[in-house]
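**Q** Predicted model and sequence below, questions to follow.
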Amino acid sequence: MANPTALLSTSMGDIKIELLADQMPITAGNFIKLAKSGFYDGLHFHRVIDKFMVQFGCPHSKDPNSARAGTGDGPDGPIQDEHPADAKISNARGTISMANTGRPNSGSCQMFINVVDNPYLDWFSPGPSKHPVFAKVIEGMDIVDQISKAPRDPRDRPKTPIKMNKVTISGE
């Protein structure tokens, strides 16, 4: 059975992703549940860094100028970290990872799309920063690149808000 996909309809264009539910069922399942509930609809990209990543999913980012953007959890709180031995998927360009606070089991609803290869973020690499990949861009990487290059303020927020209009799940 094929993995489900999601269409991320943003104010800058559409991005289609494959959710790696066959390898990362907890994390992909969490994203699917939140997307189906409408949680992501209307949120803004709250952190964009060219040559690194673009981040979204914070509930406080409905107001793109909120001082709390980037600090919120989803309605069900954090999920369990997922580190299956057979799913050592690197944080390569175009992959999507769960954002967290740096502490174990602290990922919830926020995620980021890697704009470049970031192997030091892999859960299976040495070092403190661990972010499991649970999806990958299959169409629209040009839109991700445009988002990453948006002019930003000193807190890495886009100066012109970039909205996640709607997330639609297919093939589940």
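**A** Nice, I can see it. Residues are numbered from 1 along each chain as shown.

**Q** the helices in this protein, which residues?
**A** When secondary structure is read from DSSP state H, the chain shows helices at 25-36, 141-148.

**Q** Give me the residues contacting the longest one.
**A** Judged by Cβ atoms under 8 Å, 6 or more residues apart in numbering, the contacts made with helix 25-36 from elsewhere in the structure are 3-4, 6, 19-21, 40, 57, 74-76, 79-80, 82, 98, 107-109, 111, 132, 134-135, 167-169, 172. Glycine gets a C-beta too; all of them are placed from N, C-alpha and C.

**Q** Against residue 119, how distant is the spatially most central residue of the chain?
**A** The structure's the chain has its C-alpha centroid closest to residue 111; by Cα atoms, centre = their mean the separation is 2.4 Å. The gap separating residue 111 from residue 119 is 18 Å, by Cβ to Cβ, to the nearest Å.

**Q** OK, contacts around the closest residue to residue 123 other than its chain neighbours?
**A** In this structure, residue 123 finds its nearest non-sequential neighbour in residue 130, 4.2 Å apart by Cβ to Cβ, 6 or more residues apart in numbering. Residue 130 is in contact with 81, 100, 121, 122, 123, counting by Cβ under 8 Å, 6+ apart.

**Q** Which of the residues you listed sits closest to residue 147?
**A** Taking Cβ to Cβ as the measure, residue 147 lies nearest residue 121 of the contacts of residue 130, at 18.6 Å.

**Q** May I ask you to confirm that that closest one is in contact with residue 98?
**A** No: assessed by Cβ atoms under 8 Å, residue 121 is found out of contact with residue 98, at 10.5 Å.

**Q** higher neighbour count, these two?
**A** residue 98 (29 against 21; other Cβ atoms under 10 Å).
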